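*Asks:* Just a sequence and a predicted model for now, questions to come.
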Amino acid sequence: MTSKAGTGSSTKAGLVLLTLAAGQFLMALDSSVMNVSIATVADDVGTTVTGIQGAITAYTLVMAMFMIPGGKVGVIIGRKRAFMIGCVIYGCGSLTTALAPNLPVLLFGWSFLEGVGAALILPAIVALVAGNFAAERRPAAYGLVAAAGAVAIAVGPIIGGVATTYFSWRWVFAGEVLIVLGILMLARHVADAPTGARRPLDLVGAALSALGLGIFVYGVLRSDEWGWFRPKADAPSWLGISLVVWLMLAGLLLIRLFLRWEARMVEQRKEPLVDPELLRNRQLTGGLTMFFFQYLVQMGVFFVVPLYLSVALGLSALKTGARILPLSVTLLAAAILIPRLLPNVSPRRVVRFGILALLAGAVVLMAALDADAGAEIVTIPLLLIGLGMGALASQLGAVTVSAVPDRQSAEVGGIQNAVTNLGASIGTALAGSILIAALTASFLTSVEQNEAIPADVKSTATVELQSGVPFLSDAQLKDALDEAGTSEEVTQAALDANEAARLDGLRAALAILALASLLALFFTRRIPTTQPGSPEP
């Protein structure tokens, strides 16, 4: 059995934690950095904004497809080796991206190589925390590792904004190569668990899980453009229903076939990719459900709040990032202090507190949104949301891993990261689609009821905008209307309607995130009431 860093020197434990937290930080940094640099990157590599958005989608898809097989690879070759190989692949992808002259090279480096690297690294991190820290120290370790990922998402816009404004977006990816080299140097302090007998990888199971998760996530990611159920104008459909529905159903069917195949592998005494018995573990499924809801709400918030700050208020990427920083403060405080000050607290109680904090943050922000409101209104809601995220981070990793023997921690890591990937994808897509739907309905209603707008303009707007009104700033809309040659009266009416509709869209998106938080409370009974390693009361 591997020695635990928690029982050795505190310096070694700190280095192990720094190594794994740096890996988690790196995995979460890319998308948040790229989101504020999309237009610049598109111009630099000779493509369109749509092309870069496609690269972001492809990166998410590759991670979703290979996360479960990536966890199993760690079981076969060793968690530490999988972690280091993943870092090397990821570093090669970052270097390729930094030097990319065109979109195909960018897709290969960022979307494929970095996605494959992440699929090896993330499950290994979960297993390596379990292998290097004693049970009583795992909540704090998992909390800090998870917090590192969330902080990366929060500070990403600042890093991306500084790099794009004063240097080049390429320097971000070059910097990632240096971070990878640092992680590889520190990795010698990380202990590994013995791999045991080598067994072949379940290739059929890997293919079924990859296709199932990939098709499902792809359907979710296309929902904004194609529509969830009713197809948007010119969007693909079948039997009058958006292709999104059929892709999600096909993905679920393949996942069902995957589970049946895995059960058959167990019956034949062969090594499955994932033991279906794991999914009958009440504590494990409870933790996975909470991870799903946490990332759904978390990524929804990281979608909505920057839109309000950067588009509605017109703040720069740097100022937007600075306004999001309060979330990082309470997130880190909760992730560090809860395990330290309350080592024996009930995980269920902390998880419920965390969910209630997420709910309160979403509701307070929804209530504070107003036409005369400024950037300061996001501070208290983000402090609450960060507190909730930190509270959940301090418990959920230990809850899922402690539900199974340590030898299955890498498999749990693969499943856990697949679930968080699903939650993040659905959260972003759901918040985006609800926002656009409410924005469109509000804008068209305002236009229809405004007597200053001519009937022919109303008719044209209804036809051309029924598939979705874009989320535009006042300056963007004014430029478009001036180019179209509309009168000053019509322009002002449209600006007023757009301002009100933006707020309605943001409130609707926050309402769905608050509803998701409320729904999560009903699944907390599967979270244990005692800490890992503590005797049952």
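*Replies:* Perfect, I can see it now. Numbers count the residues shown, from 1 in each chain.
*Asks:* ok, residue 228 to residue 255 distance?
*Replies:* 19 Å (C-beta to C-beta, to the nearest Å). Glycine gets a C-beta too; all of them are placed from N, C-alpha and C.
*Asks:* what residues does whichever strand or helix holds residue 264 touch?
*Replies:* Secondary structure assignment for residue 264, by DSSP states H and E: helix 243-267. Contact with helix 243-267 is made by 202, 204-205, 208-209, 211-220, 222-223, 226-229, 231, 235-238, 271-277, 279, as judged by C-beta atoms under 8 Å, 6 or more residues apart in numbering.
*Asks:* Could you list which of the residues you listed belong to strands?
*Replies:* Counting by DSSP state E, those place 237-238 in strands.
*Asks:* Buried residues, the helix or strand in which residue 123 is found. List them.
*Replies:* If you go by DSSP H and E, residue 123 is part of helix 115-132. Residues 115-132 are the ones in helix 115-132 that count as buried (16 or more other C-beta atoms under 10 Å).
*Asks:* which other helices and strands contact that helix?
*Replies:* helix 10-35, helix 49-77, helix 79-99, helix 138-166, helix 379-402, helix 409-449 (3 or more C-beta pairs under 8 Å, 6 or more residues apart in numbering; DSSP states H and E).
*Asks:* hang on, the earlier thing: following the helix holding residue 264 in sequence, what is the next regular element?
*Replies:* Immediately after helix 243-267, counting by DSSP H and E, sits helix 282-307.
*Asks:* so that following helix versus helix 379-402, what angle?
*Replies:* If you take axes from the mean of the first three to the mean of the last three C-alpha atoms, to 10 degrees, helix 282-307 sits at 150 degrees to helix 379-402.
*Asks:* on that earlier part again, ok, which of the helices and strands packed on helix 115-132 comes nearest residue 179?
*Replies:* helix 10-35 (5.6 Å; C-beta to C-beta).
*Asks:* Tell me which residues of that closest one come out buried.
*Replies:* Of the residues in helix 10-35, those buried (16+ other C-beta under 10 Å) are 12-13, 15-35.
*Asks:* Which residue lies closest in space to residue 505, excluding its sequence neighbours?
*Replies:* Leaving aside its sequence neighbours, residue 505 sits nearest to residue 439 (C-beta to C-beta, 6 or more residues apart in numbering; 3.3 Å).
*Asks:* Hmm, that neighbour is touching residue 503, no?
*Replies:* No: applying C-beta atoms under 8 Å, one finds residue 439 not in contact with residue 503, separated by 9.2 Å.
*Asks:* Flag the shaky bits of the stretch 401-537 of the chain, pLDDT-wise.
*Replies:* 447, 449-474, 476-477, 480-487, 490, 533-537 (pLDDT under 70).
*Asks:* of residue 228 and residue 255, who's got more company?
*Replies:* Per other C-beta atoms under 10 Å, whichever of residue 228 and residue 255 has more neighbours is residue 228, with 21 against 18.
*Asks:* and the gap between the more buried one and residue 330?
*Replies:* 33 Å.
*Asks:* now residue 75
*Replies:* 36 Å.
*Asks:* Those two - which one has more neighbours?
*Replies:* residue 75 (26 against 21).
*Asks:* Pretty sure that one sits against residue 412.
*Replies:* No: contact criterion C-beta under 8 Å: residue 75 and residue 412 do not qualify, at 10.5 Å.
*Asks:* Return the helix or strand in the chain with minimum mean pLDDT.
*Replies:* helix 455-465 (a mean of 57; mean pLDDT, DSSP states H and E).
*Asks:* which ones are touching the residue most central in space within the chain?
*Replies:* By C-alpha atoms, centre = their mean, the mean C-alpha position of the chain lies nearest to residue 424, the distance being 3.7 Å. Residue 424 makes contacts with 295-296, 298-299, as judged by C-beta under 8 Å, 6+ apart.
*Asks:* okay if I get these as TSV plus pLDDT and distance to residue 68?
*Replies:* Shown next, in TSV, are those (pLDDT from 0 to 100; distance: C-beta to C-beta, whole Å):
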residue	pLDDT	distance to residue 68
295	89	16
296	91	19
298	87	21
299	86	20
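*Asks:* for residue 318, what are its contacts?
*Replies:* Applying C-beta under 8 Å, 6+ apart, the residues near residue 318 are 157-158, 161-162, 165.
*Asks:* And residue 146, by the same measure?
*Replies:* By C-beta under 8 Å, 6+ apart, the neighbours of residue 146 are 24, 335, 393, 396-397.
*Asks:* Is residue 101 in a helix, a strand, or coil?
*Replies:* coil (DSSP: H, G, I helix; E, B strand; the rest coil).
*Asks:* quick one, what contacts the closest residue to it other than its chain neighbours?
*Replies:* In space, and not counting its chain neighbours, residue 101 is closest to residue 45: 6.9 Å by C-beta to C-beta, 6+ apart. Applying C-beta under 8 Å, 6+ apart to residue 45 gives the contacts 100-103, 105-106.
*Asks:* Just the residues contacting stretch 388-397, thanks.
*Replies:* 126, 129, 138-143, 145-147, 150, 287, 290-291, 294, 298, 327, 330-335, 338-339, 347, 350-351, 353-361, 416, 527.
*Asks:* Weed out the non-buried ones from the contacts of helix 243-267.
*Replies:* 202, 205, 208-209, 211-220, 222-223, 226-228, 231, 237, 271-276.
*Asks:* Can you list which of these are found in helices?
*Replies:* 205, 208-209, 211-220, 223, 226 (DSSP state H).
*Asks:* And the residues you listed, which two are furthest apart?
*Replies:* 205 and 226 (29.7 Å).
*Asks:* thinking again about what came up before, so how far is residue 294 from the residue nearest to the centre of the chain?
*Replies:* Noted for residue 424: a distance of 10 Å to residue 294, by C-beta to C-beta.
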